[in-house]
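1. Sequence first, then the predicted structure, then my questions.
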Amino acid sequence: MGIRRSTFAPAVRAAAVYAAVFLLATAAPAQAPLDLGDWTLEQESSTQTFTIPAGTFVEPGGYVIICRDQDQTSFESYYGVTLGSNVVFLRSSNSAPMINGDETYELRNGGGATVDGPTDAVTTTRRSYHRNAPETLAWSVVNETPSPGSGVEAPDGVFSGMVISEVTDPDDYTYEYVELYCDQDTGSGNLAPLIGGVDLAPASPQAGDDLTVSATITDTDGTVSAARCYYRTDGGAFAYQAMAHTGGGVYETVFPDQPGNVDFDYYVWARDDESAESTAPAGAPASFYTVWIQGPGTPGRVVLFDHMHDQDAGTGGNWRVDDNHPDPYPAAPTGETSWNGQLSSWGYELYLAGHTIRSNTAYFSAALLADVDMVVIVEPQDTFSAAEIAALGQWVYDGGSLFVVANHNASDRNGNGWDSPSIFGGYAVPHITDPVGADSETFCGALFGLHFHVKDEGNNSITGTFTNVTGDPQNPVIHGSYGDVSAVIYHVGDVMSLWPTANPHLSDVGALISKDEGSPHVAAWSRYGDGKIVGFGDSSSCADGTGSETHEDNWTEVGSDNREFFLNASEWLLDSPGTGIGDGVPHTLGLELRAHPNPFNPRTSVSFDLPRDAHVEVTVHDLQGRTLRTLHGGVLSAGPHSLVWGGTDDAGRPLASGVYLVRAAGAGLLNFTKVVLAR
């Protein structure tokens, strides 16, 4: 994992973008012109970049005009102005700006450090966007009046350095321009050191590595008198090491033999000969850089996408990562289209996270699963044998993670009479046109408590946008590192019912996203033994449109968080120490329902955490699902709660020894846990 900026204190960072590169210190002679050579203006919405030519200088209080594709004479004639001697005119020759709507701009110095921006977006609904007060964070005026080379307020004692002061989008696109303003003291003042090109090597450190932090530090009106790198591990207090000047404005320091499995946080500080100081990133120590140091014994995981159950059947799509098996080709993909499959984006993003991606060329067995951490099964078209189901069940029980994705009823792509809901049921015969009747489920519902609906069970062929997500603000699937999930979109899919009493090895079964408030569910999770399972009801939601068969790109479909859901869920499933064994998940899902003591006699305490004020129902059931006791039914405030159950039913009669199910529902969350009464 490379360098990343901490997301801590975003407000501090936002202010720092505009304010903290050039700082006012003590009085000093008038500032010399600023060398802008090799600075860049970046148009972030379309990746257009203009590099300012070497030898470009701007005076304090001066302007730089970057015009899209006209010379200065034509520019002055078009706008009816004569640019002053304090204005530098540059022609970008169609690099930047290139305004089409919603552009934002960022200015970087020659060392790559952000000097100003990103700006607010230019929507093109008005002609000109002005920032008349350089120290402000947004456009001061948005109007129809361009003012190239003028309009910024006179120096007011607060100096912001180089700022993006105007963007204008005229009728003739060749006259588009971005204006920069040098907000420096024209009579006195001192510029703080410039810090850019901050780098950490190696970029993806391992335990025992020596970490080298380097940066380019210069001072435009004096000399650099001191440079330091402040650092800490796992959120402790910052200490610092001096950075040595190695030549050419480069400073560096080495942190030897670093431990693993820790966050290494750091920032660079510099002071000049007139005591002006600056940091990178701006706003440090509230903002800082951070990198994860990988520890021993925790390599990237192995993710196996099932390809042995005719996932290529039909012409409306395929459910593979690549058409090369077992290892996708090329081994080092450069983008989602490097691999040929509708699941290539999913696989590629897991590859970027450091995981090994492959698909199976043999049926599931203990030997096949021995080094696998997560199995992904998307819309199988051929059934799983009893031996395969047994192997998968034992593997999950021992700590494996399983992600199953179905499709709607009657989605039989290869014409063999089976569809994925019936296949995931593990039935003796398919139930596309005939209800289950006396047939028995043996797979996902029976083992993992996640039952996909088949014939006559309702909602087995639905389309829509589903927003009934679990309300837990700490849920790692709904609020994971890939982003928040507020909605997923189905293009004809299935739902699940939760079967928490399916077998004694289930410790938790819960909903992630529901069709309606409470049930049935389009996404759900469970724990079986030491393993974890996530289920989802529509394969089209993870199709990216990049395979050889035609399919829409629903992976990043507008109005959905499909991508975020699948990647957050994968991250949760893969978040465990070691290969295939154990459960080191740092986050829990749902209400964190638990009972202690368990087993118990004569009473146990049922505890749960409520993320917000809500109506909550807590009930006790036997393994046939009959309600025996209501422990609570009413509104509770956010926070931890505990209820005592004394092993009696609602009539006060003592219940016999045995296994009982406690159900808690509230705040859009649903959890079950088992308790054992041992009289």
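-> That came in fine, so what should we check first?

2. May I have stretch 362-378 as CSV, with CA atoms only?
-> What follows is the C-alpha trace of stretch 362-378 in CSV, where atoms were taken according to Å, rounded to 0.1, in the frame of the first residue of the first chain:
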residue,chain,number,x,y,z
ALA,A,362,-11.9,-28.9,-10.6
TYR,A,363,-14.9,-29.5,-8.4
PHE,A,364,-14.8,-28.3,-4.7
SER,A,365,-12.9,-30.5,-2.3
ALA,A,366,-10.9,-30.2,0.9
ALA,A,367,-7.7,-30.3,-1.1
LEU,A,368,-8.9,-27.6,-3.6
LEU,A,369,-9.9,-25.3,-0.7
ALA,A,370,-6.8,-25.9,1.5
ASP,A,371,-5.1,-22.6,0.7
VAL,A,372,-8.2,-20.5,-0.2
ASP,A,373,-9.4,-17.7,2.0
MET,A,374,-12.6,-16.6,0.1
VAL,A,375,-14.8,-18.4,-2.4
VAL,A,376,-17.0,-16.4,-4.7
ILE,A,377,-19.9,-18.3,-6.4
VAL,A,378,-21.9,-16.1,-8.9
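
3. gap between the strand or helix carrying Tyr181 and the chain center?
-> Taking DSSP states H and E as the definition, Tyr181 sits inside strand 177-183. Its chain's C-alpha centre lies 34 Å from the corresponding centre of strand 177-183 when counted by Cα atoms, centre = their mean, to the nearest Å.

4. ok, it: who's next to it in the sheet?
-> Taking DSSP bridges as the criterion, strand 177-183 forms sheet pairs with strand 63-67 (antiparallel), strand 161-168 (antiparallel).

5. Show me which residues of the next helix-or-strand element following that strand are buried.
-> Proceeding C-terminally, strand 177-183 gives way to strand 194-201 as the next helix or strand, assigned by DSSP H and E. For strand 194-201, burial by neighbour count (16 or more other Cβ atoms under 10 Å) applies to Leu194, Ile195, Gly196, Gly197, Val198, Leu200. For glycine as for every other residue, the C-beta is placed from the backbone atoms N, C-alpha and C.

6. Now the nearest residue to Val620 once chain neighbours are set aside. Its backbone dihedrals?
-> The spatially closest residue to Val620, leaving aside those adjacent along the chain, is Arg629, at 4.1 Å (Cβ to Cβ, 6 or more residues apart in numbering). Reported as degrees, to the nearest 10, the phi and psi values for Arg629 are phi -150, psi 140.

7. Let me have the buried residues of strand 194-201 in CSV, extended by distance to Arg232 and pLDDT.
-> Output for these, formatted as CSV (distance: Cβ to Cβ, whole Å; pLDDT from 0 to 100):
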residue, distance to Arg232, pLDDT
Leu194, 25, 82
Ile195, 19, 86
Gly196, 23, 82
Gly197, 22, 84
Val198, 16, 89
Leu200, 14, 92
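
8. for the strands paired with strand 177-183, which one sits closest to Glu336?
-> Comparison of the strands paired with strand 177-183 against Glu336 by Cβ to Cβ identifies strand 161-168 as nearest, at 32.4 Å.

9. how near is the most centrally placed residue in the chain to Arg232?
-> Against the mean C-alpha coordinate of the chain, by Cα atoms, centre = their mean, the closest residue is Tyr482 at 1.6 Å. Shown here: Tyr482 relative to Arg232, a distance of 26 Å by Cβ to Cβ, to the nearest Å.

10. Check Gly415 too.
-> Applying Cβ to Cβ, the value for Gly415 to Arg232 is 62 Å.

11. for the residue nearest to Val620, what are its contacts?
-> Counting by Cβ atoms under 8 Å, 6 or more residues apart in numbering, Arg629 makes contact with Thr619, Val620, Trp645, Thr648, Asp649, Asp650.

12. now Glu564, what's its secondary structure?
-> Following DSSP: H, G, I helix; E, B strand; the rest coil, Glu564 is assigned to helix.

13. Could you list the low-pLDDT ranges of the stretch 551-679 of the chain?
-> For the stretch 551-679 of the chain, the stretches with pLDDT under 70 are 576-590, 624-625, 668-670.

14. Show me where it has its helices.
-> Per DSSP state H, counting those that start in this stretch, the stretch 551-679 of the chain has helices spanning 562-574. These are given in chain order.

15. Surely Glu336 touches Asp544?
-> Yes: counting by Cβ atoms under 8 Å, Glu336 sits close enough to Asp544 to count as a contact (6.2 Å).

16. What are the structural domain limits within this structure?
-> For the chain, automatic domain parsing gives the domain ranges 30-183, 194-293, 310-319+359-545+554-574, 594-677.
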